[in-house]
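Participant: curious how this folds, go ahead:
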Amino acid sequence: MEFSLFYFAAGQRSGDDGYRLLLDGARFADRHGFSAVWTPERHFHEFGGPYPNPAVTGAAVAAVTERVDVRAGSVVGPLHHPVRIAEEWAVVDNLSRGRAGLAFASGWHAEDFALRPENYAGRKQILTETIETVRGLWRGESVRLTDGEGKEATVRSFPAPVRPHLPVWLTSAGSADTFRHAGAQGYGVLTHLLGQELAELEKKIAEYRAALPATAPENPAAGKVALMLHTFVGTDRDAVRERVREPFSAYIRSSLGLIMKAAGDILPGVEPDDLDPEDLDFLVEHSFGKYFDTGGLFGTVEDLIPLLERIEAAGVDEVACLIDFGVDDDAVLDSLTHLGRLREAWTARSTR
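Facilitator: I've put the predicted structure just below:
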């Protein structure tokens, strides 16, 4: 099972160090055996706001690394023209000398579709079409479009990528249908534990792999499942709990609407604004306890090996460590040493 770094940004940073955590973390991952660095696409919300375009942040990661894969986690396909996606990520692939990869998402927040309101209702079908168009362009194929005079134009995207086949994942918030669709299409899966338990995830992964085509798809990520987990590793579990309690609780509170909508089964039909302060505090505290104990990589190296064993047994191929959720940058960067030790301990155990 591989380890990667995942970024989401709990809030806007300002000044010259606004992207220090991203770039210094990427350098660390590159030097210490991590497989990839993922950056997201987020719009119109403080949580994730520094990451509106993963191609831009991916280009920055490509420029300061030599080995790790540079991935989108995720491109919201229906918000963009597929030719633009292919063009931008071919640039990232060239800058990284063939290390680009994309997870795609259909999007779920209606406000995000202020960028492309006409695509909201049909976003899932549009996503499938977008992915296949991007993959075709990546292989050097042409597409037919309508130009500014209303005439048909046949175009190819440039530059040509270095990597012959684009690694593609489909992002799922937990829908079994999405897992099965990803399998049938020969995509990888990027998922998380918001709204699903590990036992449920294991069943969905089994269904996903059962749906994979009999012949190997032209996708290096086919059959691969990456699990995003909030992460902070230290030398004392209680100290880690206290270190992450305030920022992680603030993260939960500031993005509770997103969490509740993603989970679906938590207070269905209820919006955070409908809750009175005591109920809101209870929900935040409950969520913190749950995610700290079972939904994240929080604790010491020794604490976390059993959790990694359960994750691997569920069928996960890669742990995408979300390190960027509100703990101050210096503490996060210091903690990467312990995360690196965890990866080394896991790798040594797995190769015995």
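
Participant: separation between Thr178 and Lys204?
Facilitator: 9 Å (C-beta to C-beta, to the nearest Å). For every residue, glycine as well, the C-beta is placed using N, CA and C.

Participant: give the residues shared as contacts by those two.
Facilitator: Taking C-beta atoms under 8 Å, 6 or more residues apart in numbering as the criterion, Thr178 and Lys204 both touch Ser172.

Participant: looking at those two, which is more packed in?
Facilitator: It is Lys204, of Thr178 and Lys204, that has more neighbours when counted by other C-beta atoms under 10 Å, with 25 against 21.

Participant: grab the nearest non-local neighbour of that one.
Facilitator: Nearest residue to Lys204, sequence neighbours excluded (C-beta to C-beta, 6 or more residues apart in numbering): Phe179, at 4.4 Å.

Participant: so what's the predicted local confidence for the one you found?
Facilitator: The model reports Phe179 with a pLDDT of 97.

Participant: touching, it and Tyr208? I think so.
Facilitator: Yes: Phe179 lies in contact with Tyr208 (C-beta atoms under 8 Å); the separation is 4.1 Å.

Participant: between the two, what contacts are shared?
Facilitator: With C-beta under 8 Å, 6+ apart as the test, Phe179 and Tyr208 both reach Val189.

Participant: ok, and what's touching the one helix or strand the residue nearest to Lys204 maps to?
Facilitator: Phe179 belongs to helix 176-185 when elements are defined using DSSP states H and E. Here helix 176-185 makes contact (C-beta under 8 Å, 6+ apart) with 128, 131, 169-170, 172, 188-189, 191, 203-205, 207-213, 217.

Participant: so among those residues, which ones count as buried?
Facilitator: With burial judged by 16 or more other C-beta atoms under 10 Å, the buried subset of these is 128, 131, 169-170, 172, 188-189, 191, 204-205, 208, 212, 217.

Participant: and stretch 343-352, what's its mean pLDDT?
Facilitator: 86.

Participant: can you report phi and psi for the closest residue in space to Asn53 that isn't next to it in sequence?
Facilitator: The shortest distance from Asn53 to any non-neighbouring residue, by C-beta to C-beta, 6+ apart, is to Glu41 (6.6 Å). As for Glu41, its main-chain torsions (degrees, to the nearest 10) stand at phi -120, psi 120.

Participant: how about the contacts made by Glu41?
Facilitator: 51-54, 72, 74-76, 79, 105.

Participant: kindly report the same for Ala313.
Facilitator: Counted by C-beta under 8 Å, 6+ apart, Ala313 has contacts Glu202.

Participant: may I have the phi/psi pair for it?
Facilitator: Ala313 adopts backbone torsions of phi -60, psi -30, taken as degrees, to the nearest 10.

Participant: thinking again about what came up before, just the buried positions in the helix holding Phe179, please.
Facilitator: 178-179, 181-183, 185.

Participant: and if you look at stretch 156-174?
Facilitator: In terms of neighbour count (16+ other C-beta under 10 Å), stretch 156-174 has its buried residues at 157, 161, 163, 166-174.

Participant: so which of those residues sit within helices?
Facilitator: With helices defined by DSSP state H, no entry of the buried residues of stretch 156-174 lies inside them.

Participant: turn those residues into a markdown table, columns for pLDDT and distance to Glu141.
Facilitator: Formatted as a markdown table, these follow (pLDDT from 0 to 100; distance: C-beta to C-beta, whole Å):
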| residue | pLDDT | distance to Glu141 |
| --- | --- | --- |
| Ser157 | 97 | 9 |
| Pro161 | 98 | 12 |
| Arg163 | 97 | 15 |
| Leu166 | 97 | 12 |
| Pro167 | 98 | 18 |
| Val168 | 98 | 15 |
| Trp169 | 98 | 21 |
| Leu170 | 98 | 21 |
| Thr171 | 97 | 25 |
| Ser172 | 95 | 27 |
| Ala173 | 87 | 31 |
| Gly174 | 88 | 33 |
